[in-house]
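Okay, predicted coordinates and the sequence, questions at the end:
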Amino acid sequence: MLKLCWQFRRLFALAALLQIGLTLFAISGLNLVGLGIDYLGYVSGARESAPNWPLGWEPSVAWTPMQVILALAGGSLMCALFNGILHFGAASSTAKLVHGLLAPQLQRQVFAKLQEGCMRFYAKHPSGTMINRATGDIQAVRSFVDMALMEAVTLTITVTIYAVFMFRIHATLAAACLIFVPMMAYGSVIFSRVTRPLFMAYRESFDRMILYLSEAIRGAEVIRGFSIEEEAIGRMRKMNTDIWHKQLRIFRSISVFGPSINMLSHASLLALLVYGGYLVMQGSLSLGAGFVVFAGLLQQFSNRISNVAQIANAMQESLTGARRLYGLLGSESSVRQPLHPVKPKPFIGSVRFQNATVSYTPRRDALSQVDLDVHPGEVIALAGETGAGKSSLLNLIPRLYDPDSGYVYISGVDIREIDLQTLRRNVGVVFQDAFIFSQSIADNIRFGNADASLDQVKKVARIACADSFIEELDDGYDTIIGEMGVDLSGGQRQRLSIARALLPDPKILLLDDPTSAIDPSTEMRILEALRSELGGRTTFIVAHRISTLAQADRIVVLEKGRIAQMGTHTTLRKLSGSYASMIEAQFGSELESEVATA
């Protein structure tokens, strides 16, 4: 965090200089008031000698006492005016630093980190936690700089200046009044040690609540479908209670620490009243420029010290969020842009897997030593039971994951050496879960190619058989879709996803069960339209329906992460093995009719 703040060191320095200036003007105004009190004592006869005028200045003998008092009052007023101007400058520079520069840069860094994170990263970090870190923890860093770091700098500057001036007035009195400061510092250290784990536990509980809230909103239909609304409310109530208990422990610590600091501050004022009053009565300290000014300085010093509790509280709360945020920013993605990226020319779309192994848990491989050579323009269908590794194999091609061992080559180049942007712009993906953004239908389709014309959008929509339902909407392609496509059916979302993948004209097309939510007749129309579009395009398609599998040049049957069988549909159905068993179990007597239809 300090490294980030160092980037804006000039604004920090400006704020510090302005703080020094406004503190000196405040002290100057106070000194002028003290001089006025001593001067009134002198002209009234209560004081034998004239006050010690500052900086060699002395009022003219021709001035009347009222003119001297008015001059001192005018000087004090000017100090207050300059103090206000400098205070405005300090507040403005701090606001620009925190809200205009630091926080927006952090938001950009966090969003960029989330975008470059591989899928392993998202598997370890729930979306609710990431949202909380991208919002709440950035706010915590903002609070750290604004309410903790800047306040701590201001505190250090002001109390140092106040202490120096108090020692200049009377060193022994200053030492007697400031004897309690080390106790305050020690109390702050103890407070930090006690509250740091409390704030961390509070943040973790808050993360869990945000995650559950996010899941409850997205899973509202499931909750209602099982009629467990009361249980969901009860769970949320329990989480809120847990957070409240953790906050209560923090508040108890603050309620002990804050009054303790205030008590020690008031003890300093008592020392001033007793010892300072004695010095005034002994004539060792003047009433105005001595006692009154010292009392004003000590009051300001005590007020600043009293803020230690607030600063310590803000620092512990914000540091907890800052540590979590910088833990996120400091995490290394397993999928990184190569140091010397290669851009294959031409990008022909050949794909080769060599002993590729992927595991999500230490005990089980999702893919194990897969060897597969795919020629440019070849259509490969992936079949197998749920969890066989079909999606895992597809995820390796655009580097959503990297293999734990082994290699993947595209156009003869190791994909870990290919420029990430080049690779992914040449790979179109239709994911198993068709995610739709809260934008217009046209913008969803042109998501990977923002410059595409409406005619190009309509062309791929026709190929995906999405044009019929789009044109029935009131606003057609300009229709704004609800969050996550909630106002579209599953089949409609899948068709938009297919159109979106086709628009950039990728050399490699990955279709992960793209027609699972589409009726068979619509599926046939889509496949027929795709057949003309797939020419020259290397295609991987995960499918369970015979009509889809039969279109492939080769079918790769995966079983527990390994290739169990490979061949055409006609060949594999005649062989005993996983493929024939899967077809017989799923389709039985429908096999012949579906093959004939295909």
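Okay, I see it. Numbering: from 1, shown residues only.

Extract the C-alpha set from stretch 308-317 and format it as CSV.
This file holds the C-alpha atoms of stretch 308-317, laid out as CSV (Å, rounded to 0.1, in the frame of the first residue of the first chain):
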residue,chain,number,x,y,z
VAL,A,308,-5.4,8.4,18.6
ALA,A,309,-8.3,6.0,19.5
GLN,A,310,-10.2,7.0,16.3
ILE,A,311,-7.1,6.7,14.2
ALA,A,312,-6.1,3.3,15.7
ASN,A,313,-9.6,2.0,15.2
ALA,A,314,-9.7,3.3,11.5
MET,A,315,-6.2,1.9,10.9
GLN,A,316,-7.0,-1.6,12.2
GLU,A,317,-10.3,-1.8,10.3
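
For that stretch, give the mean pLDDT please.
The pLDDT scores in stretch 308-317 average 70.

Check for me that residue 407 belongs to a helix.
No: per DSSP: H, G, I helix; E, B strand; the rest coil, residue 407 lies outside any helix segment and is strand.

list the contacts for it?
Applying Cβ atoms under 8 Å, 6 or more residues apart in numbering to residue 407 gives the contacts 352, 353, 354, 355, 356, 414. Every residue, glycine included, has its C-beta placed from N, CA and C.

And for residue 264?
Residue 264 touches 180, 183, 184, 187, 305, counting by Cβ under 8 Å, 6+ apart.

again, 7 Å this time
180, 183, 184 (Cβ atoms under 7 Å, 6 or more residues apart in numbering).

could I get those residues as CSV with secondary structure?
Listed next are the contacts of residue 264 as CSV, based on three-state DSSP:
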residue, secondary structure
180, coil
183, helix
184, helix
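
now what about stretch 476-492, what contacts it?
Taking Cβ under 7 Å, 6+ apart as the rule, stretch 476-492 contacts 435-436, 438-442, 444, 454, 457, 469-470, 473, 493, 517-519, 522.

what do you get for stretch 10-25?
For stretch 10-25, contacts defined as Cβ under 7 Å, 6+ apart pick out 5, 79, 82-83, 86-87, 89-90, 93-94, 96-97, 150, 153-154, 157-158, 161.

Among the residues you listed, which ones are in strands?
Using DSSP state E, no member of the contacts of stretch 10-25 sits in strands.

buried subset of the contacts of residue 264?
180, 184 (16 or more other Cβ atoms under 10 Å).

the strands in the stretch 401-550 of the chain, which residues?
405-410, 413-414, 427-430, 508-512, 538-542 (DSSP state E, counting those that start in this stretch).

so which of these comes closest to residue 551?
Nearest of the strands of the stretch 401-550 of the chain to residue 551, taken as Cβ to Cβ: strand 538-542 at 8.0 Å.

okay, who's weakest in the contacts of residue 264 by pLDDT?
residue 184 (77).

dump the residue contacts of that residue.
Residue 184 neighbours (Cβ under 7 Å, 6+ apart): 261, 264, 305, 308.

need the helices for the stretch 251-400 of the chain, in chain order.
Listed in chain order, the helices of the stretch 251-400 of the chain (DSSP state H, counting those that start in this stretch) span residues 277-282, 293-306, 308-329, 390-396.

picking up where we left off before, with distance to residue 106 as extra columns, can I get the contacts of residue 264 in CSV?
Converted to CSV, the contacts of residue 264 look like this (distance: Cβ to Cβ, whole Å):
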residue, distance to residue 106
180, 38
183, 37
184, 32
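
Now flag whichever of the contacts of residue 264 is closest to residue 192.
Once Cβ to Cβ is applied, the member of the contacts of residue 264 that ends up nearest residue 192 is residue 184, at 12.9 Å.

can you pull the pLDDT of residue 133?
Predicted confidence (pLDDT) for residue 133: 68.

okay, the helices of the stretch 251-400 of the chain, which one's buried deepest?
helix 390-396 (a mean of 23; mean count of other Cβ atoms under 10 Å).

CA atoms only for that helix, dumped as CSV, please.
These are the backbone C-alpha positions of helix 390-396, laid out as CSV (Å, rounded to 0.1, in the frame of the first residue of the first chain):
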residue,chain,number,x,y,z
LYS,A,390,-14.8,-33.1,-21.8
SER,A,391,-15.1,-29.5,-20.6
SER,A,392,-11.6,-29.7,-19.0
LEU,A,393,-10.1,-30.6,-22.4
LEU,A,394,-11.9,-27.7,-24.1
ASN,A,395,-10.7,-25.3,-21.3
LEU,A,396,-7.1,-26.0,-22.2
